[in-house]
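K.L.:
Could you look at this predicted model? Sequence included:
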Amino acid sequence: MVRKVLMLTAIVLVFSVCNVQAEQIGVSWDGGGDGYSWGDPYNWDPNIVPDNDVNTFAVGINGGSGVEVGLCWNRTISRLNCSGEVDLVTSCGHVQLTLTGVGLTNHGELTIVAWGVQLFKIDGNVTNTSGALLDLWGAGIGGDLVNEAGGMVEVNGEVGIKGDFDNAGIVIAADELEVKNLISNVGQIKIYGGGCGGNVLDNDINGVITGFGSIYGIERLGNEGTIYGNGGSLVVVTGTEGALINDGTMGNAAMASMNIMHYGIGVPSDVNNSGRIEVNAGGGVAFDCNLVNKPNGVIELLGGTLSATNINQSADATFEGQGNITTANLIIETEGLIRLTGPTNIFGNVQIDPNATLEISDGTTLITGHTTCNNGTIHMIGGRVICQGGLTNNTCHIIWEPGIYTNVADFNLDGTVNFKDFADFANTWLWQADWYTP
């Protein structure tokens, strides 16, 4: 009996000792040692190197006006809170800081630097709080990255995120930000020659993505906010079978461009526009696939160039403005309408389906390909269409009327139509186009 009691007492003591030892220790940086190395115990208060073993560590680094903390060995802790100006640095090869609990939370100006070809991996979740700055120079994040509203993340070296990226603040990408899973953007992502992408990229109704470089969503790229090429060329990439769904605004700023491309082999899927596409002067928007302007979709030509393999204009969709259209076939579907105001060039064929209308006003539209009008309408209001590639008139309704500013019968351009214009007309009597077949 006494023996059993002694054994039970020993077991209880062992568990008691384990419980005493397995505690979480709060450690803060004081720089009292060499003022640099994570592995110097005299840089910490209390004087112990935070590295989970029997005990776990909750670490705080208050950098004040500036402190640099160097890691040359892999370390494991439960959580890390940074405030003030802190540089986490490695130049010792591939170093990993593992966070088994809440993760890393930045409240100040935190810079994570991997010098040279080194890699600094934060294996855990990272949160950048409102008002904080997270500056990444070649880092890997093994969990999720959250950038709260009012926070800023700068990408100055290649960064990989194994989890998701939720952005409600500002991101400045001068290098590649590659996300394994989902990017959810309700803030601003500014691309300055870098890139930002994931398996799925969802740009929320309040989300804004602008700049030059690349963005991508391999499985899906959905836009309900604004995506704009600015300062150069913005390449928007999705998978061959992946969908680009535009319910927001996409376009190019003046003198910039946007190129929508599909990654992989095979015929790329169509892009359906139910939002707005703006094509500004000095640049353009180009699709490497078919573009379908769905009902309630808007395409506005503002002097730039719109390019796609084929373009389909649906009924109840808006397509208007002036500029250039480059496509194999521009198809105005039944009940569809395209309004071109001012000088416009269409490089390709045009098909006008029954009860569809091509309306041209206050300028000349040049169609280099063949025009086929199948019981549709060509409506000229003070404008003119030149069917350079010929016209097949299958019961086409051709309507001509003067506009507010111009009249194609005003041959001498004096602002009025009279017998002087009739005399000029008589001089061109019996003219025929070179494609005309009597």
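P.N.:
Received, thanks.

K.L.:
give me the beta-bridge partners of residue 227?
P.N.:
residue 209, residue 250 (DSSP bridges).

K.L.:
mind showing which ranges of the stretch 301-438 of the chain have poor pLDDT?
P.N.:
Within the stretch 301-438 of the chain, the stretches with pLDDT under 70 are 407, 410-413, 419-422, 424, 430.

K.L.:
can you pull out the helices in it?
P.N.:
Here the stretch 301-438 of the chain has its helices, by DSSP state H, counting those that start in this stretch, at 419-427.

K.L.:
Start and end of stretch 180-196, how far apart?
P.N.:
Using CA to CA, to the nearest Å, the end-to-end distance of stretch 180-196 comes to 11 Å.

K.L.:
And the average pLDDT for it is what?
P.N.:
Mean pLDDT, stretch 180-196: 97.

K.L.:
Would you mark the buried spots in that stretch?
P.N.:
182-192, 194-196 (16 or more other CB atoms under 10 Å). C-beta coordinates here come from the backbone N, C-alpha and C atoms, glycine included.

K.L.:
Can you tell me which of those lies closest to residue 265?
P.N.:
Nearest to residue 265 among those is residue 195, at 21.4 Å by CB to CB.

K.L.:
can you pull the contacts of the closest residue to the closest one other than its chain neighbours?
P.N.:
Sequence neighbours aside, residue 214 is the residue nearest to residue 195 in space, at 4.1 Å (criterion: CB to CB, 6 or more residues apart in numbering). Residue 214 is in contact with 191, 194, 195, 196, 197, 234, 235, 236, 237, counting by CB atoms under 8 Å, 6 or more residues apart in numbering.

K.L.:
Which of those residues fall within strands?
P.N.:
Among the contacts of residue 214, DSSP state E puts 191, 194, 195, 196, 197, 234, 235, 236, 237 in strands.

K.L.:
Among the residues you listed, which one lies nearest to residue 120?
P.N.:
For the ones in strands among the contacts of residue 214, the nearest to residue 120 is residue 194 (18.3 Å; CB to CB).

K.L.:
correct me, but the closest one touches residue 159?
P.N.:
No - in this structure, residue 194 is not within contact of residue 159 by CB atoms under 8 Å, at 9.5 Å.

K.L.:
what residues are shared contacts of those two?
P.N.:
Common neighbours of residue 194 and residue 159 (CB under 8 Å, 6+ apart) are 175, 176, 177.

K.L.:
Please determine how far the closest residue in space to the first one that isn't next to it in sequence is located from residue 232.
P.N.:
For residue 175, ignoring the flanking residues on the chain, the nearest one in space by CB to CB, 6+ apart is residue 194 at 4.6 Å. To residue 232, residue 194 is 12 Å away according to CB to CB, to the nearest Å.

K.L.:
can you check residue 87 too?
P.N.:
31 Å.

K.L.:
ok, now residue 210?
P.N.:
Applying CB to CB to residue 210 and residue 232 gives a distance of 11 Å.

K.L.:
Please apply the same query to residue 209.
P.N.:
Taking CB to CB, one finds residue 209 at 14 Å from residue 232.

K.L.:
Which one's more surrounded, these two?
P.N.:
residue 209 (29 against 16; other CB atoms under 10 Å).

K.L.:
My guess is that one contacts residue 186. True?
P.N.:
No - assessed by CB under 8 Å, residue 209 is found out of contact with residue 186, at 11.4 Å.

K.L.:
Kindly state the beta-bridge partners for residue 386.
P.N.:
residue 366.

K.L.:
which residues does it contact?
P.N.:
Per CB under 8 Å, 6+ apart, neighbours of residue 386: 364, 365, 366, 367.

K.L.:
Quick one: residues contacting the first one.
P.N.:
Taking CB under 8 Å, 6+ apart as the definition of contact, the neighbours of residue 364 are 343, 344, 383, 384, 385, 386.

K.L.:
do that again at 10 Å, thanks
P.N.:
By CB atoms under 10 Å, 6 or more residues apart in numbering, the contact list for residue 364 reads 340, 342, 343, 344, 345, 380, 383, 384, 385, 386, 406, 408.

K.L.:
ok, back up a step: most neighbours, which of the shared contacts of residue 194 and residue 159?
P.N.:
Busiest of the shared contacts of residue 194 and residue 159 [other CB under 10 Å] is residue 177, holding 25 neighbours.

K.L.:
Quick one: residues in contact with the helix or strand it falls within.
P.N.:
Element membership for residue 177, per DSSP states H and E: strand 176-179. The contact list for strand 176-179 (CB under 10 Å, 6+ apart) reads 136, 140-141, 144-145, 153, 155, 157-165, 171, 183, 189, 191, 194-201, 213-217.

K.L.:
how far out from the middle of the chain is that strand?
P.N.:
Relative to the centre of its chain, strand 176-179 is centred 12 Å away, using CA atoms, centre = their mean, to the nearest Å.

K.L.:
Note down every partner strand of it and its orientation.
P.N.:
Going by DSSP bridges, the partners of strand 176-179 are strand 159-161 (parallel), strand 188-203 (parallel).

K.L.:
Distance to residue 46 for those strands - can I get that in JSON lines?
P.N.:
Shown next, in JSON lines, are those (distance: least, CB to CB, whole Å):
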{"stretch": "strand 159-161", "distance to residue 46": "34"}
{"stretch": "strand 188-203", "distance to residue 46": "41"}
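
K.L.:
for the ones you listed, which one sits closest to residue 228?
P.N.:
strand 188-203 (10.3 Å).

K.L.:
Could you work out the end-to-end span of stretch 89-102 for me?
P.N.:
End-to-end distance of stretch 89-102 (CA to CA): 21 Å.

K.L.:
Run through the residues that contact residue 134.
P.N.:
82, 104, 106, 108-112, 126-128, 145, 147, 151-155, 169, 171.

K.L.:
Just grab the bridge partners of it for me.
P.N.:
On the basis of DSSP bridges, residue 134 is bridged to residue 110, residue 153.

K.L.:
quick one: it from residue 348, how far?
P.N.:
Taking CB to CB, one finds residue 134 at 47 Å from residue 348.

K.L.:
Please identify the buried residues of stretch 251-271?
P.N.:
Buried, per 16+ other CB under 10 Å, within stretch 251-271: 251-253, 256-262, 268-271.
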